[in-house]
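Q: Just a sequence and a predicted model for now, questions to come.
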There are 6 protein chains.
Amino acid sequence: MFPNKRMQGMVGRRVHIEMKGEKSVLEGVLISVDDYLNLHLNGANEIENGERKRLLGSVVVRGNNVVLINPMKE
Amino acid sequence: MFPNKRMQGMVGRRVHIEMKGEKSVLEGVLISVDDYLNLHLNGANEIENGERKRLLGSVVVRGNNVVLINPMKE
Amino acid sequence: MFPNKRMQGMVGRRVHIEMKGEKSVLEGVLISVDDYLNLHLNGANEIENGERKRLLGSVVVRGNNVVLINPMKE
Amino acid sequence: MFPNKRMQGMVGRRVHIEMKGEKSVLEGVLISVDDYLNLHLNGANEIENGERKRLLGSVVVRGNNVVLINPMKE
Amino acid sequence: MFPNKRMQGMVGRRVHIEMKGEKSVLEGVLISVDDYLNLHLNGANEIENGERKRLLGSVVVRGNNVVLINPMKE
Amino acid sequence: MFPNKRMQGMVGRRVHIEMKGEKSVLEGVLISVDDYLNLHLNGANEIENGERKRLLGSVVVRGNNVVLINPMKE
């Protein structure tokens, strides 16, 4: 399964996202993803040291600044 | 809704933008956005620790240096 | 007005440029700009804390390292 | 053997990945890789100073943030 | 004159190059440049605080890591 | 000679590679290089302050994270 197909399989699930040059990570429900790994999330939160730092809600993330994405256990 | 469609839906609204390698964030009215997430904002301000640091006015932001964008509550 | 059209409208004007990972900013007259936001400036200066640090003169700036551009008041 | 062919030859093997701006490295089984070097790994772990810091499991890594990849000895 | 045409006009001249995330700068004779601003230099030196730190000789520089280029006075 | 042609001329030779955001450099035999400057090296070593820090062996390096490449004297 190619990386972009793997991403499509995460749509509708909560995902954990590490971004370049950020100490905090993002968690939210993946609404959509395109071929550049640009992401649209709902109910997104910024998490630092395991604690919720800020509620972002609906957010678009630029793919090139995403380091890694993994689905969260549900 | 794909990430670029989600962005188009923010045109005309105030948005909050986090940029790569910057402590401050940008807030302004989104005038236009292209497929690279290059942004044109009016009435933009640089915000640091929740306070207005500098009035930028009309500004173009390079998409690859945008980490995330979310619409502000109105 | 799309971001690249907005940039074309700044040609011939003095612009203020913030670059990625640089404390100093650039100011100069925008001679040309292409679709990648690569810039050609004349009379460019490197500015740090509001003071001229270095005269660069004619300079080409790589678009992906530009964070934001805004026209200077004249 | 071109770099992307070399990568295809690592599919199914454990790989070691260094990422931009991260102290920790990733290790996991390479499930797939595309032409941008986007990677899909299973059984991925984040490793810091040679010790397992965090189990990530299934993870997608954005190619532009990969610095280098090498196959692990088995 | 578009930025890439401006670059072509520097071929054969000594140029000064600032690179992303590097304290030192490069100086050398520009042998060739392509549309990505990848550069081939001869007689290149790494310069730190105005002093020659290291002789590199023939070097290829990746365009996306170039912040700015300007021709040196001769 | 365009930068990518210059790179092709280094195939089979030992090269020195500086990477973005890394204190250490890479040295190894260049096996192949593509148009993005993605590199495949054999016998690669990570070098810090002139000393071998780690043997990597066969390694693929992502082109956008390469700052500069020069051939080593033999």
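A: Cool, got the structure. Residues are numbered from 1 along each chain as shown, chains lettered A, B, ... in the order given.
Q: so the residue nearest to the spatial centre of chain A bridges to which residues?
A: Nearest residue to the geometric centre of chain A (CA atoms, centre = their mean): residue A:17, 4.0 Å. Beta bridges link residue A:17 to residue A:26, residue A:69, judged by DSSP bridges.
Q: ok now do it, which residues does it touch?
A: A:25, A:26, A:27, A:28, A:39, A:41, A:61, A:66, A:68, A:69 (CB atoms under 8 Å, 6 or more residues apart in numbering or on different chains). Where you see a C-beta, it was placed from the backbone N, CA and C, and this is true even at glycine.
Q: let's see it at 7 Å
A: Neighbour list for residue A:17: A:25, A:26, A:61, A:66, A:69 [criterion: CB atoms under 7 Å, 6 or more residues apart in numbering or on different chains].
Q: wait, the last one sits on residue D:58?
A: It refers to residue A:69. No - contact status for residue A:69 versus residue D:58: not in contact, 9.7 Å apart, counting by CB atoms under 7 Å.
Q: of those two, who's got more company?
A: Each of residue A:69 and residue D:58 has its neighbours counted (other CB atoms under 10 Å in any protein chain shown); residue A:69 has more, 27 against 17.
Q: out of the contacts of residue A:17, who's nearest residue E:46?
A: residue A:66 (32.3 Å; CB to CB).
Q: That closest one: how many residues sit nearby?
A: 25.
Q: In this structure it contacts residue A:19, no?
A: Yes - counting by CB under 7 Å, residue A:19 is a contact partner of residue A:66 at 6.0 Å.
Q: and chain A, which of its residues are near chain D?
A: Contacts of chain A with chain D, taken as CB under 7 Å from any CB of the partner chain, map to A:1-4, A:6-7, A:20-21, A:37, A:63-64, A:66-71.
Q: low pLDDT regions in chain A?
A: Within chain A, the set of residues satisfying pLDDT under 70 is empty.
Q: Quick one: residues contacting the residue in it that chain D sits nearest to.
A: Nearest residue of chain A to chain D (CB to the nearest CB) works out as residue A:3 at 3.9 Å. For residue A:3, the contact set (CB under 7 Å, 6+ apart) comprises D:32, D:34, D:38, D:39, D:40, D:60.
Q: go on, residue A:16?
A: Applying CB under 7 Å, 6+ apart to residue A:16 gives the contacts A:25, A:27, A:70, A:72.
Q: Go again with 10 Å.
A: A:25-28, A:47, A:68-73, D:56, D:59 (CB atoms under 10 Å, 6 or more residues apart in numbering or on different chains).
Q: How about residue A:38?
A: A:32, A:60-66, B:2-4, B:6-7, B:35-37, B:63.
Q: Could you check how far the residue of chain A found nearest chain B is from residue B:1?
A: Proximity of chain A to chain B (CB to the nearest CB) peaks at residue A:38, 3.9 Å away. Distance, residue A:38 to residue B:1, by CB to CB, to the nearest Å: 12 Å.
Q: Quick check: bridge partners of residue A:54?
A: Per DSSP bridges, the residues bridged to residue A:54 are residue A:46.
Q: and if you look at the one 5 residues further on?
A: Beta-bridge partners for residue A:59, by DSSP bridges, are residue A:41.
Q: Give me the neighbour count for it.
A: Counted with other CB under 10 Å, residues neighbouring residue A:59 total 25.
Q: What of residue A:53?
A: Other residues near residue A:53 come to 13 when the count uses other CB under 10 Å.
Q: repeat for residue A:22
A: 19.
Q: what helix or strand does the closest residue to it other than its chain neighbours sit in?
A: Of all residues not flanking residue A:22 in the chain, residue B:67 sits nearest, at 6.9 Å (CB to CB, 6 or more residues apart in numbering or on different chains). In this structure, residue B:67 sits in strand B:66-71 according to DSSP states H and E.
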